Each structure stands twice: as structure tokens, then as C-alpha cells.
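Engineer: Have a look; sequence and predicted model below, questions after that.
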Amino acid sequence: MQPFRSLARLLACVVLVFSLGACAAGPTAGLQSFQSPDGRYAFLYPTGWTRVQVSNGPQVVFHDLIHSDETVSLVISNIDESNDLDDLGSAVAVGERLRREIIATEGSGRSAELIEANERDVNGHTFYDLEYAVHLPDRDRHELATVVVDRGRLYTLATSVNEERWEKVSDLCGRVVTSLNLLI
């Protein structure tokens, strides 16, 4: 009987290890949760990144300690309470407007192209997911963003990384921007 108990324990350990491995590879692997103090929204950001305070900028910013120019930021803008996201335009129209007015403003020395714009619905809210190639004088960057409207506020959650690291972190960035969740 003893060999069967040992075999059963071994099999239980193997199942546990594979189960833990499957959990670690899930959609929140390598990510931590951030929730606003007022409980309105939450999102995920990469484990090990640190929050930084920015004056006259985004409400929330996290950056990588090693690659400090890799960032996650959340901007909240007030808009007319009667507007929904589709009132602001299609995903492409809103993406182009953000490109012109925020990412690559005239005279900024930056240029950007909207690579992709998609719409998705989550819990009754429409989100626009946007992807950009951004060209700076000294390097190229890649940005992902999601925008959503709720109760007179336009939320824009974005990730930005150097193009040379994009292939390595693109999945992580995608999981961050699609994690934005409106809670109330």
C-alpha cells in the first residue's frame, strides 16, 4: 500500500504544479491591481513598476524601474455628461483626434500614426482600443491606449514603450490597457 500512497502524492504534486503554472500564465500574471481611492475605476499595471506623481498631467502614472521611460498612465478629462463615446466619433476618428491633439501635437517634434483602432463592449460600456507608432527625433515608441466615457468623464489609459522592446512587452501592454474597469 505504501508505494500507491507515494505515487498518489507524486501525482497530486504534479497536478498542483501544473495548475499553478496555468494560473501564472493567466491574464493577470505579472500584473498588480490599482483601484482609485473613490472606487470609480481599477486597472492592472506590471508587477514591480512604481507609481510616480506628475504635476499638471495624468492622474495616475506608473513606470518600470529598469526601463524608466516605459509607462502606464491614466488621464481623466471632463466632457459633457450627455455624451457617450460614440458621440465623440468612431474608434478611428477618436484615435486620430488623440494622435493630433495629444500624442503628436503640431510643433512637438513628434509624429505618430494610428496603426489600429477597435471597439469593444464591457459591462455596457463601449471602449475604443488604439495602437500607435510614435516617432521622436531620437527614437521610435509604441503606444497602446483605451478610451471610455462614463458620467461626464473621458478615461484614457495608455502604455508607452520604446519600439526596440515592443515585441517583448506587447502582450503585457495589451493586458494592461484592456484591464481598465469602471466600478460604479
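Structural biologist: Perfect, thanks for sending it.
Engineer: Just grab the bridge partners of Glu116 for me.
Structural biologist: Glu131 (DSSP bridges).
Engineer: That one contacts Leu130, correct?
Structural biologist: Yes: using Cβ atoms under 8 Å, Glu116 is in contact with Leu130, at 7.2 Å. To be clear about C-beta, it is placed using only N, CA and C from the backbone, and glycine gets the same treatment.
Engineer: okay, these two: which has more neighbours?
Structural biologist: Leu130 (26 against 12; other Cβ atoms under 10 Å).
Engineer: Return the residues in contact with that one.
Structural biologist: By Cβ atoms under 8 Å, 6 or more residues apart in numbering, the contact set of Leu130 is Ala91, Val94, Gly95, Leu98, Leu114, Glu116, Ala117, Leu144, Ala145, Thr146, Val147.
Engineer: can you list the residues you listed in TSV and add distance to Ile184 and pLDDT?
Structural biologist: Formatted as TSV, those follow (distance: Cβ to Cβ, whole Å; pLDDT from 0 to 100):
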residue	distance to Ile184	pLDDT
Ala91	25	97
Val94	24	97
Gly95	27	97
Leu98	25	95
Leu114	31	98
Glu116	30	98
Ala117	27	98
Leu144	25	98
Ala145	23	98
Thr146	18	98
Val147	19	98
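Engineer: hmm, which of those residues are the buried ones?
Structural biologist: Buried residues within the contacts of Leu130, counting neighbours by 16 or more other Cβ atoms under 10 Å: Ala91, Val94, Gly95, Leu98, Leu114, Ala117, Leu144, Ala145, Thr146, Val147.
Engineer: Good, we can wrap up now.
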